[in-house]
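> here's a sequence, model it:
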Amino acid sequence: MADFVCVPHERIDPPTLTRLLEEFCSRDGTDYGHQETALDARVAQLRARLSRREAMLLFDADSESWDIVTAEQAQTLLFEGQ
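Sure thing, here's the model as predicted:
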């Protein structure tokens, strides 16, 4: 069972957060449809979703990996074992 920890994006050094968001936005499966969206715009959209608490950054201590998921998904992952 995964051991997830929510990481407040405000606690991450700004340049590091930007690199995390860029990496996330360039992952396979983050296609934005028929119209190409610039990486900077996708990062800004994701940063806004984090600020509005619509998305959350989770760290999986078991696999030592991280992901950004919707707030609903985060609640499920964080509290599924309780």
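
> please count neighbours and contacts with C-alpha atoms only from this point.
Fine.

> what does stretch 50-60 contact?
The contact list for stretch 50-60 (CA atoms under 8 Å, 6 or more residues apart in numbering) reads 2-9, 46, 49, 65-71, 74.

> from these, which would you call buried?
4, 6, 9, 46, 66, 68-69, 71, 74 (16 or more other CA atoms under 10 Å).

> which two from those end up farthest apart in space?
Farthest pair in those (CA to CA) is F4 and L46. Separation: 20.2 Å.

> who's in contact with the residue nearest to the spatial centre of the chain?
In the chain, the residue lying closest to the centroid (CA atoms, centre = their mean) is I68, at 2.0 Å. Residues counted as contacts of I68 (CA under 8 Å, 6+ apart) are 24, 55-58.

> in what helix or strand does it lie?
Remark: I68 resides in strand 65-70, with elements defined by DSSP states H and E.

> sorry, back to before: most neighbours among the contacts of I68, which one?
The most crowded member of those, judged by other CA atoms under 10 Å, is M56 (24 neighbours).

> just the C-alphas of the helix or strand that the strand holding I68 is followed by, formatted as CSV.
Note on strand 65-70: by DSSP H and E, the next helix or strand toward the C-terminus is helix 71-79. The C-alpha coordinates for helix 71-79 follow below in CSV (Å, rounded to 0.1, in the frame of the first residue of the first chain):
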residue,chain,number,x,y,z
ALA,A,71,-8.1,17.4,-4.9
GLU,A,72,-10.7,14.6,-5.0
GLN,A,73,-8.1,12.0,-6.0
ALA,A,74,-5.8,13.3,-3.3
GLN,A,75,-8.5,12.9,-0.6
THR,A,76,-9.0,9.3,-1.7
LEU,A,77,-5.3,8.5,-1.8
LEU,A,78,-4.5,10.1,1.5
PHE,A,79,-7.4,8.6,3.5
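
> all set, thanks.
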